[in-house]
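Colleague: Below is the structure, and that's it, no one-letter string:
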């Protein structure tokens, strides 16, 4: 491997042939489970072994051939959540249980035992409308809500649990082999990959032997499932065929193929099921390689095998079966029972945390490429935005800013004075983001490497030495972020006194943290590498990047002594990553198809807790034509994380390089983003405190409208805006579905309105994409735009009031200082509520706990859908004084415009329209 250090590492090392990645047929634990489950050895529960605790019930499960008991535990968690854990009762050694993902505040609820049939146990939680019905033989669990079975566990008999064994060489007698639950004859060894598994030129030696687990879930009446990111696939999960399961295994896949179920950069082992009247969630807490099979049976008659009163009431209908399989660990699954989409979002965030409240600047536009060459290049690009009157907030530097890919350093020739460069950005109230990857160049003279090596902070190989692999710096070792001491030390590297050249406007981007290992098996780390606690990498692969982002976020908070909100973007992620920052969709391509797939990819991230997500505008790989670039900016402006990015060897594509007309269109798209910043910020506050996604599939807002369940070419931004990006070249007309039979929708540009529950053909030019405001909503905006968010702090607000069919509207507005934790610790915030009813627009307090002085005023109000011209408009302040207001009414568009107002955003007032 020494020669690797001398090799020139290039983008070609990352852009590998897709054949280096496995499909299911090459995954041994998948083959084993498929082969052995076909033999149908069933488990039964020993319900006479039940030991009821205050908040859980434990009992043994036994597999007849093996006779080795498993221990099952069912407990209830506050908020209508059930947890099922299955582990070996007495394993040879402890099995890995995922730490640090669940929030520490989980409160269990008492489960009461109810009378059930012989050979069954019924556990009820809370008020008793939710029950867990456990059948002994064969072992099965039914989740019952109001006497209806909504989910069954192990009804297909796919419970699978490979118990840890003594390695064959250590077995004292032949009896041990006979007792083993798996046939270990030589001919089966290679096919089943029990103790070693071969792929390409790699051999994965498994010192613990086979340890995979699996379980099936049948969702009754459900045909629409979502979640389990990250895949470049449709928002609604598809049926899988043999060897085509959804794979959750974090991998660096440069220029990934779309409409594919292979694992890419991140994994959230959580899915949602939705039908008319109910939404459910299944959270499979496991960080090892995981495969998910899905099979939907449409509404046809099938035989019911259950007996008893519950089964009699079960409606014959559709059903979706979900089969989870993981390489190791234990079965630890949370059943989120809803019943609404909003309830499920709250239940999941109760388990894993809500989206971190982002600093306001991070909701502006970010400019990135691999790489801005030097300080002069940064200065020129920064000036280009101002010269072309295009707002932006953040300049980004990729790996070339460092000294030989040594993170926490600067290339002295390119960036001789990083503080001077940051002072320039600071003068424009802008920020800098730089990259920090998990690999560390093997170089005894590099202080980060030397200190980490001295303290034993690297992941080890299975022989006990430091693991070494190739990445951008050449030969590298990888920090073991699973170790709390390593995380603490890594966090300390961001201190201003340690990270020379860094200032308080510098924020961080974690990349390559799947982890990416060039020339490794599937471009990642060997599964038998060793982490803190002597755990193999296979146990925790999918959580490695989660831990790096955690440590980075903590480091940025610590450097400000706990005062400032950090911004950290990560490529690799897991359940709970939302607590630490933002995620993007990785190395996409400058093609129309990648623009199109970005919408369902971001919707899937959004419903699985990660609201702060985006896709590289323009496509990372390749050179977009001007039309595609404009359309991507128009889409990205209405997506949570908004960054332009491009790889090495692509043509420069700053917004002003495509001719005056295209510059104007991109400027307008970015300026529209800045106009809507008050709405964006309020939505992120709602995600942070109330768990509601920022970007929402239509089914979330319209859960009782079947036609919304499969829509993925348009989406809701919050509850008020419907966005339909244009994803086809040379489009002149777009079919937009407007949901809701009782809704009214207003074109945000022309103010023309349509009733809901129909598809309308909207003519489009390259000027804009269709965006509609929902009747009954109030959207706060900024009426003037600065060169960055920092210049807009005191600029005035406007309100876009769109009336419902009943002539009313409601909306919320959130404001704080945009950067500190004072909103949390000192309750320094404003949370206001706007309502329009019976001709009166009211601004009132939505949360009395918050106080934040603001001199900002509402200077403009636009009311859409006002049927007749008013005779007068007056503004009434809290002290009772009234002022007449000048107004303009357009009968053709039914719009009322109020301008030159001066109503304080944080004060109580009314505007009366008569």
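Modeller: It's in. What you see is a predicted model; the values in this text were computed from it and never measured.
Colleague: can you give me the helices for the stretch 501-650 of the chain?
Modeller: The residue ranges that make up the helices of the stretch 501-650 of the chain, judged by DSSP state H, counting those that start in this stretch, are 537-540, 544-559, 592-607, 626-636.
Colleague: Dump the ones you listed to JSON lines, plus distance to residue 108 and mean neighbour count.
Modeller: Where you see a C-beta, it was placed from the backbone N, CA and C, and this is true even at glycine. Supplementary listing: the helices of the stretch 501-650 of the chain in JSON lines, determined by distance: least, C-beta to C-beta, whole Å; neighbours: other C-beta atoms under 10 Å:
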{"stretch": "helix 537-540", "distance to residue 108": "25", "mean neighbour count": "25"}
{"stretch": "helix 544-559", "distance to residue 108": "25", "mean neighbour count": "24"}
{"stretch": "helix 592-607", "distance to residue 108": "26", "mean neighbour count": "25"}
{"stretch": "helix 626-636", "distance to residue 108": "43", "mean neighbour count": "24"}
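Colleague: Adding mean pLDDT, write those helices out as TSV.
Modeller: As requested, those are arranged in TSV below (pLDDT from 0 to 100):
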stretch	mean pLDDT
helix 537-540	98
helix 544-559	99
helix 592-607	98
helix 626-636	99
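Colleague: right, so of those helices, which gets closest to residue 812?
Modeller: For these, distance to residue 812 was read as C-beta to C-beta. The smallest value, 19.0 Å, belongs to helix 592-607.
Colleague: what helices or strands is that closest one leaning on?
Modeller: When contacts are defined as 3 or more C-beta pairs under 8 Å, 6 or more residues apart in numbering; DSSP states H and E, helix 592-607 sits against strand 224-227, strand 613-614, helix 626-636, strand 695-696.
Colleague: what's the angle between that helix and helix 626-636?
Modeller: For helix 592-607 and helix 626-636, the angle between their directions (axes from the mean of the first three to the mean of the last three C-alpha atoms, to 10 degrees) works out to 10 degrees.
Colleague: and the gap between the closest residue in space to residue 444 that isn't next to it in sequence and residue 406?
Modeller: Among residues not flanking residue 444 along the chain, residue 450 sits closest, at 5.7 Å (C-beta to C-beta, 6 or more residues apart in numbering). For residue 450, the distance to residue 406 equals 11 Å [C-beta to C-beta, to the nearest Å].
Colleague: which of these two has more neighbours?
Modeller: Regarding residue 450 and residue 406, a neighbour count based on other C-beta atoms under 10 Å identifies residue 406 as having more, with 19 against 13.
Colleague: before we move on, the earlier item: need the helices and strands packed on helix 592-607 in CSV (columns: distance to residue 363).
Modeller: Conversion of the helices and strands packed on helix 592-607 to CSV gives the following (distance: least, C-beta to C-beta, whole Å):
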stretch, distance to residue 363
strand 224-227, 25
strand 613-614, 11
helix 626-636, 12
strand 695-696, 13
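Colleague: distance between the ends of stretch 365-382?
Modeller: Using C-alpha to C-alpha, to the nearest Å, the gap from the first to the last residue of stretch 365-382 comes to 12 Å.
Colleague: so how far is the helix or strand containing residue 897 off the chain centroid?
Modeller: Residue 897 is located in strand 895-898, with elements delineated by DSSP states H and E. Computed by C-alpha atoms, centre = their mean, to the nearest Å, the separation of strand 895-898 from the middle of its chain amounts to 39 Å.
Colleague: Show me which residues of it are buried.
Modeller: By neighbour count, and taking 16 or more other C-beta atoms under 10 Å as the criterion, the buried residues in strand 895-898 are 895-896, 898.
Colleague: what does stretch 417-426 give?
Modeller: Of the residues in stretch 417-426, 418, 421-422, 424-426 count as buried by neighbour count, 16+ other C-beta under 10 Å.
Colleague: Just the mean pLDDT for it, thanks.
Modeller: In this model, stretch 417-426 has an average pLDDT of 98.
Colleague: which residues sit against that stretch?
Modeller: Stretch 417-426 is contacted by residues 375, 378-379, 382, 395, 410, 415, 431-432, 501-503, 505-506 when judged by C-beta atoms under 8 Å, 6 or more residues apart in numbering.
Colleague: Check those residues for burial and list the buried ones.
Modeller: Neighbour-count burial (16+ other C-beta under 10 Å) applied to these gives 375, 378-379, 382, 395, 410, 415, 431-432, 501-503, 505-506.
Colleague: Which of those residues sits closest to residue 610?
Modeller: residue 431 (21.7 Å).
Colleague: measure the closest one to residue 443 for me?
Modeller: As judged by C-beta to C-beta, residue 431 and residue 443 stand 30 Å apart.
Colleague: now residue 876
Modeller: Residue 876 sits 70 Å away from residue 443, going by C-beta to C-beta.
Colleague: Also residue 725?
Modeller: Relative to residue 443, and taking C-beta to C-beta, residue 725 is found at 46 Å.
Colleague: quick one: which of the two has more around it?
Modeller: For the pair residue 725 and residue 443, the greater number of neighbours falls to residue 725 (23 against 17), based on other C-beta under 10 Å.
Colleague: quick one, what contacts that one?
Modeller: If you count contacts by C-beta under 8 Å, 6+ apart, then residue 725 has 595, 599, 631, 634-635, 638, 713-714, 769 around it.
Colleague: give me the low-pLDDT residue ranges for the chain?
Modeller: Low-confidence regions of the chain, defined here as pLDDT under 70, cover residues 1-7, 172-189, 300-316.
Colleague: Setting aside sequence neighbours, what's the nearest residue to the residue sitting nearest the centre point of it?
Modeller: The residue lying closest to the centre of the chain (C-alpha atoms, centre = their mean) is residue 610, at 2.8 Å. Once flanking residues are discounted, residue 610 sits nearest to residue 578: 4.8 Å by C-beta to C-beta, 6+ apart.
Colleague: what's the distance between that neighbour and residue 281?
Modeller: Taking C-beta to C-beta as the measure, residue 578 and residue 281 are separated by 15 Å.
Colleague: and what of residue 487?
Modeller: Shown here: residue 487 relative to residue 281, a distance of 29 Å by C-beta to C-beta.
Colleague: residues touching the closest residue to residue 867 other than its chain neighbours, list them.
Modeller: Nearest in space to residue 867, with sequence neighbours left out and distances taken as C-beta to C-beta, 6+ apart, is residue 894 at 6.1 Å. Counting by C-beta under 8 Å, 6+ apart, residue 894 touches 751, 753, 864-867.
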